[in-house]
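1. Give me the fold of what follows.
(one chain, ligands or ions: 1)
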Amino acid sequence: MYQDTRNWIDENWVDTLTLRQWWILMNDARLSFPRWPAAWFGRDASTAEQNDIARAFADAGVLGPPTGLGVLMGAPVTMTFGTEEQKQRWLPSLATGVEGWCQLFSEPGAGSDLASVSCRAERDGDEWVINGQKVWTSGALHSTRGMLVARNDFDQPKHKGLTYFIIDLEQPGVEIRPIKQMNGAAHFNEVFFNDARVSDSDRISDVNNGWAITTATLGFERSGLSEGAGGGVRVPAGKQAGFLDRNVGELLEYVRATRSHPDEYGGLLSSLQTINVSGGVNETQRQKMVSLYTNEHIAEMTRKRITASVKKGQSPGAEASTMKLHWTNGLRISRDLGMELMGAEGMLTGSDLQVEGKVQHFFLSMPSASIAGGSDEVQRNIIGEKTLGLPKDSQADPATPFKDIPKN
Ligand SMILES: Cc1cc2nc3c(=O)[nH]c(=O)nc-3n(C[C@H](O)[C@H](O)[C@H](O)COP(=O)(O)OP(=O)(O)OC[C@H]3O[C@@H](n4cnc5c(N)ncnc54)[C@H](O)[C@@H]3O)c2cc1C
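-> From the prediction side, this is the model:
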């Protein structure tokens, strides 16, 4: 598969293609999302085949498949729970990168305790009217649609009165405000809904079944977070990202020069190997390198188990939480190792430093990784409860109507 893919890239990559054309070619050749089902733009690939394809794109140094939460979570959610009509309507634009989606879950009063969302969905004929606020919405400014969990019934217990929609963000009732982070980026946003509208035909699964779809989405997020984006140089999907009609050759140079993709954590490991360490690597640093290697191998075995259960039609379970922990564990070790290897230079920032200042940028980005996709502490709770059978984390009586639960 590796050589076939390299041959395909040699035959098809032309600097003057637009990104839109390149992603259509990749999709037609079933090279963008090999693990997706053959019925929906994939080739039912094994992990080994997927890795071969990813490696071929990485080695060729060309642009890889579309990235973003739409392909990471929106596509598997649609494939698993969407109607045939929804699949026909949404999957082609996700597979070819024409649309980017975001995840509208967290709210100021609902993060780790996500089932406390209070964004309101009220039925109005064939539509729903949405009012409320979401926060930490990654990539909202680059998204056409969002995966929204909203409360339609405040008389039901908190996990029950929720419904899941795919909402159009290009409408007057939606306001998106970027949030500036300490690494200088504005990766996530606040999203305000003020009488925004979503058609009932854009509802995923039944009314009141939103929690099941939400937890499945989080499973796809956690298991996918550490999988990488399928090789090659990463560019976000969607017309709002502004890349679709640029030439791939020029775009490749641009992305390399500016590192203007949203990848805050990736690409550090290979960079560490190029740091110039005066006096060589010491024993503690060597131990950290071995920990990284071990962590990656355990993650790889877990990844294979997840792929096998997804193929059997099961949602990713507790393994997905351990994958998230492997990912943040690996990032934490590489952050510490990177800063140690940089020595005093670690106190500076700027692209004129060794490995273009990536280590320092990564140091400032890393704290968010152990919070994104559910914090490490919450992942440990899930593993404790679901896998080890420990007593449940304390929470309000699960039968209490949401409106009667005291709010902090
Ligand atoms: C980089 C990044 C990207 C994100 N992208 C998105 C996105 O696209 N869409 C979206 O909807 N959300 C997104 N989020 C939000 C993320 O899901 C929440 O930040 C996360 O779930 C934690 O919620 P919180 O920030 O409200 O913290 P809180 O829930 O208030 O938690 C605060 C602290 O308390 C700890 N804690 C809370 N409850 C428990 C418990 N029961 N047991 C032990 N410890 C506990 C937490 O671990 C944490 O350390 C993103 C966050 C980050 C950092």
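
2. Contact distance from the ligand - what residues of the chain qualify?
-> Applying Cβ under 6 Å from any ligand atom, we find that the chain lies next to the ligand at 102-103, 105-106, 111-112, 136-138, 188, 368, 371-372, 374-375, 377-378, 381, 393. Heads up, the C-betas are built off the backbone N, CA and C, glycines and all.

3. Please indicate which of those residues are buried?
-> 102-103, 105-106, 111, 136-138, 188, 368, 372, 374, 378, 381 (16 or more other Cβ atoms under 10 Å).

4. Restricted to helices, list the residues you listed.
-> Using DSSP state H, the subset of those located in helices is Ser368, Val378, Asn381.

5. Show me where the stretch 1-150 of the chain has its strands.
-> With strands called from DSSP state E, counting those that start in this stretch, the stretch 1-150 of the chain shows them at 63-67, 101-104, 120-124, 127-138, 145-151.

6. Only C-alpha atoms, please: export the longest one in PDB.
-> Taking only C-alpha atoms (Å, rounded to 0.1, in the frame of the first residue of the first chain), the coordinates of strand 127-138 have been written out as PDB:
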ATOM      1  CA  GLU A 127     -37.800  23.800  13.100                       C
ATOM      2  CA  TRP A 128     -36.200  24.300  16.500                       C
ATOM      3  CA  VAL A 129     -35.300  27.700  18.000                       C
ATOM      4  CA  ILE A 130     -31.900  27.800  19.800                       C
ATOM      5  CA  ASN A 131     -31.000  30.200  22.600                       C
ATOM      6  CA  GLY A 132     -27.900  30.100  24.900                       C
ATOM      7  CA  GLN A 133     -24.100  30.200  25.000                       C
ATOM      8  CA  LYS A 134     -21.400  27.700  24.100                       C
ATOM      9  CA  VAL A 135     -17.700  28.200  25.000                       C
ATOM     10  CA  TRP A 136     -14.200  26.800  24.100                       C
ATOM     11  CA  THR A 137     -15.600  26.000  20.600                       C
ATOM     12  CA  SER A 138     -12.500  25.000  18.600                       C
END
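
7. Compute the inter-axis angle for it and strand 145-151.
-> 110 degrees (axes from the mean of the first three to the mean of the last three Cα atoms, to 10 degrees).

8. ok, now the first one?
-> Interaxial angle of strand 63-67 relative to strand 145-151 (the same axes, to 10 degrees): 30 degrees.

9. ok, residues contacting the helix or strand following strand 63-67?
-> Beyond strand 63-67 on the C-terminal side, the first helix or strand identified by DSSP states H and E is helix 69. For helix 69, contacts defined as Cβ atoms under 8 Å, 6 or more residues apart in numbering pick out Gly100, Trp101, Cys102, Gln103, Ser138, Gly139, Ser143, Met147, Glu221.

10. so what's the last one up against?
-> Pointing back at Glu221 there. Leu69, Leu72, Met73, Gln103, Gly373.

11. surely the third one meets Thr217?
-> Yes: with contact defined as Cβ atoms under 8 Å, Met73 and Thr217 form a contacting pair (5.1 Å).

12. Spell out which residues are contacts of both of these two.
-> What both Met73 and Thr217 touch, as defined by Cβ under 8 Å, 6+ apart, is the set Gln103, Met147.

13. Which residue does the stretch 101-250 of the chain have closest to the ligand?
-> Nearest to the ligand in the stretch 101-250 of the chain, going by Cβ to the nearest ligand atom, is Gly111, at a distance of 1.9 Å.

14. Now do the contacts for that residue.
-> For Gly111, the contacting residues are Trp136, by Cβ under 8 Å, 6+ apart.

15. what pLDDT does it get?
-> Looking at Gly111, its pLDDT reads 90.

16. Same question for Val310.
-> At Val310, pLDDT is 69.

17. Surely Val174 and Val191 touch.
-> Yes: Val174 lies in contact with Val191 (Cβ under 8 Å); the separation is 6.7 Å.

18. Those two - which one has more neighbours?
-> Here Val174 and Val191 are compared on neighbour count by other Cβ atoms under 10 Å; more neighbours surround Val191, at 27 against 19.
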